[in-house]
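S.K.: pasting the sequence and the predicted coordinates here, then a few questions.
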Amino acid sequence: MSFIIAIDGPAASGKGTIARALARHFGFHHLDTGLLYRATGVKGGDPVAAARNLTAEDLTRPQLRSAEAGQAASRVAAIPQVREALVDFQRRFAAREPGAVLDGRDIGTVICPDAQVKLYVVASDRVRADRRAAELGADPAAMLDQLRERDRRDSERASAPLRPADDAVVIDTSDLQIDEAVAAAIAAVDRVRPAR
Ligand SMILES: Nc1ncnc2c1ncn2[C@@H]1O[C@H](COP(=O)(O)OP(=O)(O)OP(=O)(O)O)[C@@H](O)[C@H]1O
Ligand SMILES: Nc1ccn([C@@H]2O[C@H](COP(=O)(O)O)[C@@H](O)[C@H]2O)c(=O)n1
């Protein structure tokens, strides 16, 4: 049976950084599920049809990492039929051997509620905005507004809102260097999957 690590949390909290490092450390597959929503938002037209017909090429477009793509993603992500269209792909990915790390907003609550490890990664609003602004070369104050707007939309939507699973381990990366945050995540996994 595949070993699943589910990682959720608000925008720019460090989920993806931790997810990639865990996948490397444990030799697991990694899926950044936000990319599916970003690609759906960027594709344009009917979002439900866009989600149903995503191609590998859609997932590699350079503009997917932009702040605009993030906003577009969070709008289409509130549509229940869009979310439904993306469930099977994510669950099939999660079943890949020997294990998979998926990061997003609803992995521990909806996509993989039986994941062996669930992490909920947070950081203060200001730290997240500063990190994302530095990454994109954007204005930190404008980024703070954008992240808050996106978090609000993600948390308040009726379908699969952003929230920690009851059994998630919370990691606050506000005052952690990347290697410290990754070490905390590895320790959380090692508690349920002793080193082989
Ligand atoms: N502990 C940390 N210390 C300093 N910078 C960090 C830390 N963790 C992540 N970063 C940086 O912060 C930015 C956001 O991190 P990351 O992309 O991992 O967040 P995310 O939660 O996956 O974001 P999104 O929800 O938008 O996909 C990146 O530039 C990353 O390099
Ligand atoms: N499991 C997920 C993943 C993402 N979303 C939505 O996509 C937006 C972009 O995600 P990033 O992780 O790339 O920032 C995000 O704001 C969510 O609206 C989602 O709903 N569920």
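M.R.: Good, I have the coordinates. Remember, predicted model here, so these are calculated numbers, not experimental data. Ligands and ions are numbered 1, 2, ... in the order given.

S.K.: every contact and neighbour count from this point should use C-alpha atoms.
M.R.: Noted.

S.K.: what ranges of this protein fall below the confidence cut-off?
M.R.: Applying pLDDT under 70 to the chain flags residues 194-196.

S.K.: in it, what residue is nearest ligand 2?
M.R.: In the chain, the residue that lies nearest ligand 2 is S74 (3.0 Å; C-alpha to the nearest ligand atom).

S.K.: host element of that residue?
M.R.: Per DSSP states H and E: S74 is located in helix 67-76.

S.K.: buried residues in that helix?
M.R.: Within helix 67-76, the residues scored as buried using 16 or more other C-alpha atoms under 10 Å are A67, A69, G70, Q71, A72, A73, S74, R75, V76.

S.K.: quickly note the distance from the first one to A78.
M.R.: When distances are taken as C-alpha to C-alpha, to the nearest Å, A67 and A78 turn out to be 17 Å apart.

S.K.: again, but for the second one
M.R.: Between A69 and A78 the distance is 15 Å, computed by C-alpha to C-alpha.

S.K.: next one: A184
M.R.: Using C-alpha to C-alpha, one gets 31 Å for the distance from A184 to A78.

S.K.: how about A181?
M.R.: In terms of C-alpha to C-alpha, A181 sits 30 Å off from A78.

S.K.: just I171 next, same as before
M.R.: Noted for I171: a distance of 26 Å to A78, by C-alpha to C-alpha.
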